[in-house]
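>>> fold the following, please.
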Amino acid sequence: RFLRETPEVSAGGTDAVPLEFVQEFFFLIFFRSVLESIGVGGRALDLYSELNFCIKGTITAADNLFDDQQKTLLPLVAGAGPRFASILQLLSFQRLMQRVFDRGMRAGLVSEDQAERIQRELLSRMATIGALEGSEEDGVEDILAVDEMVERVHRVRGGALFELGFVAPGILEASAFHGVMGRVEKAISRLGTAFQIVDDLTDVEFDVGHGRQNLLVAQVHHQGSPDERASLVRLRASSTAPKGVVETLFLESARAVLDRAHIEARASLDELHALGFWFPPALSDQLVRAIVGLDGVTMMKALSR
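Next up, the predicted model:
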């Protein structure tokens, strides 16, 4: 709707569809649109959207704890201390999720047994993703090969993360859509993998400093030029990476990593398009560029030359 309409200013002085909202909740809007395009509608569509907001909030709060950040999605008055605020946000989103299920049960959209199954499946999948994050807390010594890292890290950290948004519809809509939800989930997983690959390009300085798994580091270590590999050895030894290393030291390897993200995103959108989703697969490269965000504009210009 933001693309179709010129934002109007309401009587209260706020944009009807502010760009910041579209940016912050892009993938929640994207997921909702995918479900709507394959035939999910009405109150069920709202239920899945509300659950996905709670999932996003839970993951964001957990990431804050892992990465020592302070991103918030709720207007909490938590006082000082980012860790405490993140813990409070975790507790709040778990409560909000239960409220969503309570409303869904009253409306006859989900049974108590189904709600229990969805929550158990979400927790199990989140635990798998969290275990991967936790395994890197003290840094990693071995740099996995590029293909192995994509399958063992990015399809979990990115792909499995995006799949969380389709756990509930996968359980509640399975009989109505006869295998379609499974195809949607796999396509969304590839988009999440693309997202995580791009995220590695923008987070390489942080990942090198903290000894985290990073696809650009793997690309340079295993397939980079002699100059790139020598630069990587120096950076890992110092446990620091200055801003702009992608453009200045690892440009060719970064292009190879970006190409990998393009392939994953295009395959995802091709499959979703075949299932009836309106988003044009031809825009997959632009979608990848949008994922990078404003902080990566300079980097994307360099990679696109």
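>>> for stretch 50-65, give the mean pLDDT please.
Mean pLDDT, taken over the full extent of stretch 50-65, equals 93.
>>> how about residue 107, phi and psi?
Backbone geometry at residue 107, expressed as degrees, to the nearest 10, gives phi -90, psi 0.
>>> please name the nearest non-neighbouring residue to it.
Setting aside the residues directly before and after it, residue 107 is nearest to residue 43 in space (CB to CB, 6 or more residues apart in numbering), at 5.9 Å. For the C-beta atoms, the positions are set from N, CA and C on the backbone; glycine is no exception.
>>> that neighbour: neighbour count?
Residues within reach of residue 43, counting by other CB atoms under 10 Å, total 12.
>>> ok, now residue 49?
Going by other CB under 10 Å, the residues that sit close to residue 49 add up to 18.
>>> from memory the residue nearest to residue 107 sits against residue 108, does it?
No: judged on CB atoms under 8 Å, residue 43 makes no contact with residue 108 at a distance of 9.2 Å.
>>> what's the pLDDT at residue 35?
pLDDT, the model's per-residue confidence, is 96 for residue 35.
>>> try residue 80
In this prediction, residue 80 carries a pLDDT score of 66.
>>> give the buried residues for stretch 90-103.
Within stretch 90-103, the residues scored as buried using 16 or more other CB atoms under 10 Å are 90, 92, 93, 96, 97, 100, 101.
>>> then it to CSV, C-alphas only?
Taking Å, rounded to 0.1, in the frame of the first residue of the first chain, the C-alpha atoms of stretch 90-103 are listed here in CSV:
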residue,chain,number,x,y,z
LEU,A,90,11.3,-11.4,26.3
LEU,A,91,8.8,-11.9,29.2
SER,A,92,6.4,-9.4,27.7
PHE,A,93,6.4,-11.1,24.3
GLN,A,94,5.8,-14.5,25.8
ARG,A,95,2.8,-13.0,27.6
LEU,A,96,1.5,-11.3,24.4
MET,A,97,1.8,-14.6,22.5
GLN,A,98,-0.3,-16.3,25.1
ARG,A,99,-2.9,-13.6,24.7
VAL,A,100,-3.0,-14.1,21.0
PHE,A,101,-3.6,-17.8,21.4
ASP,A,102,-6.3,-17.1,24.0
ARG,A,103,-8.2,-14.8,21.6
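>>> contacts for that stretch?
With CB atoms under 8 Å, 6 or more residues apart in numbering as the contact definition, stretch 90-103 has outside contacts at 47, 50-51, 53-55, 57-58, 61-62, 74, 76, 110, 115, 118-119.
>>> and the furthest pair within these?
For the contacts of stretch 90-103, the maximum inter-member distance is 27.4 Å, found between 76 and 110 (CB to CB).
>>> tell me which of the two has more neighbours.
Set residue 76 next to residue 110 and count neighbours by other CB under 10 Å: residue 110 wins out with 24 against 12.
>>> show me the shaky parts of the stretch 1-150 of the chain.
Judged by pLDDT under 70, the stretch 1-150 of the chain has its weakly predicted residues at 1-17, 78-80.
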